[in-house]
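[1] Based on what follows, work out the 3D shape:
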Amino acid sequence: MSSMSADEKSALRSRMLAQRAMLPPEEAAWRGKNAQNHVLASPHWAKAHTLVLYMPIRGEMDTGLLRSLALAEGKRVLLPRCVAGRRGELELVPCKDAAELAPGSYGILEPLPALSAIDLDDPKQAPHLLIAPCLAVDRQGCRLGYGGGYYDRLLRRPALQTSLCIGLIYELQFVPSLPMESWDARLHGVCTEEGLIWA
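    Got it, this is the predicted structure:
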């Protein structure tokens, strides 16, 4: 798809949100567990000493299994936090425990304000693996989010240039194609309950 109007993107977002909401909780749970197990079985997981995860909202696929096993294996887990006073920007903060989280912007669980973020301008801070939430993805790695551009900005930062970026979605969120704007960041791969697919 070479282009998509703002109305078309809005309609697609609404459709994907509705489809996710229609998944029965037990079905969403087993699909999410399967997808996370595919990530865990990947050699990239074994190599990832530092990784970025997200706290799910609005029917996003769960990441709880990844978080718990990453911490159990001694990996460094970074979670996103909205930057105060800078709309559309995320920072990444090391977190070791649920007690270090509290509802922040948009009601999403975020690292507490007192916790220090990594320097996203320092390539030496690069996480090995980043797991991103998505509303829709095509098989070329083009991603549709909620429209705020948070992840597009994050993935352009120097510290993320060598990170392997994988979208975590339900199979039903695949679409034939999405437009790729100049500011959009492409994913390296996508993981669903059916397995890992590389763009």
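[2] Secondary structure class of the residue positioned nearest the centre of the chain, three-state.
    Geometric centre of the chain, nearest residue: residue 132, 1.4 Å, by CA atoms, centre = their mean. What DSSP: H, G, I helix; E, B strand; the rest coil gives for residue 132 is strand.
[3] Hmm, residue 189 and it touching each other?
    No - using CB atoms under 8 Å, residue 132 makes no contact with residue 189, being 10.4 Å away. C-beta here means a position set from N, CA and C on the backbone, and glycine is covered the same way.
[4] Find residues that contact each of these two.
    The overlap between the contact sets of residue 132 and residue 189 (CB atoms under 8 Å, 6 or more residues apart in numbering) consists of 165-167.
[5] Stretch 186-199 - what's its average pLDDT?
    On average, the pLDDT along stretch 186-199 is 93.
[6] nope, stretch 58-68 is what I meant
    Taken as a whole, stretch 58-68 carries a mean pLDDT of 95.
[7] which other residues reach it?
    With CB under 8 Å, 6+ apart as the test, stretch 58-68 has contacts from 17, 20-21, 23, 28-29, 31-33, 35-37, 39-40, 51, 53-56, 77, 131, 133, 168-170.
[8] what about that stretch, start to end distance?
    One end of stretch 58-68 sits 21 Å from the other (CA to CA, to the nearest Å).
[9] picking up where we left off before, from the shared contacts of residue 132 and residue 189, pick the one nearest residue 107.
    residue 167 (22.0 Å; CB to CB).
[10] what about the lengthiest strand in the chain, distance to the chain center?
    Scanning the chain for the strand with the most residues, using DSSP state E, yields strand 76-82. Chain-centre distance of strand 76-82: 11 Å, with CA atoms, centre = their mean, to the nearest Å.
[11] elements contacting the next helix or strand after that strand?
    Per DSSP states H and E, strand 76-82 leads on to strand 90-94 as the next helix or strand towards the C-terminus. If contacts are counted by 3 or more CB pairs under 8 Å, 6 or more residues apart in numbering; DSSP states H and E, strand 90-94 sits against strand 76-82, strand 109-111, helix 150-155.
[12] any chance of the ones you listed in a markdown table, plus mean pLDDT and distance to residue 11?
    What follows is the helices and strands packed on strand 90-94, written out as a markdown table (pLDDT from 0 to 100; distance: least, CB to CB, whole Å):
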| stretch | mean pLDDT | distance to residue 11 |
| --- | --- | --- |
| strand 76-82 | 97 | 26 |
| strand 109-111 | 95 | 29 |
| helix 150-155 | 93 | 20 |
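[13] Pipe those into a markdown table and attach mean neighbour count per row.
    Shown next, in a markdown table, are the helices and strands packed on strand 90-94 (neighbours: other CB atoms under 10 Å):
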| stretch | mean neighbour count |
| --- | --- |
| strand 76-82 | 21 |
| strand 109-111 | 21 |
| helix 150-155 | 20 |
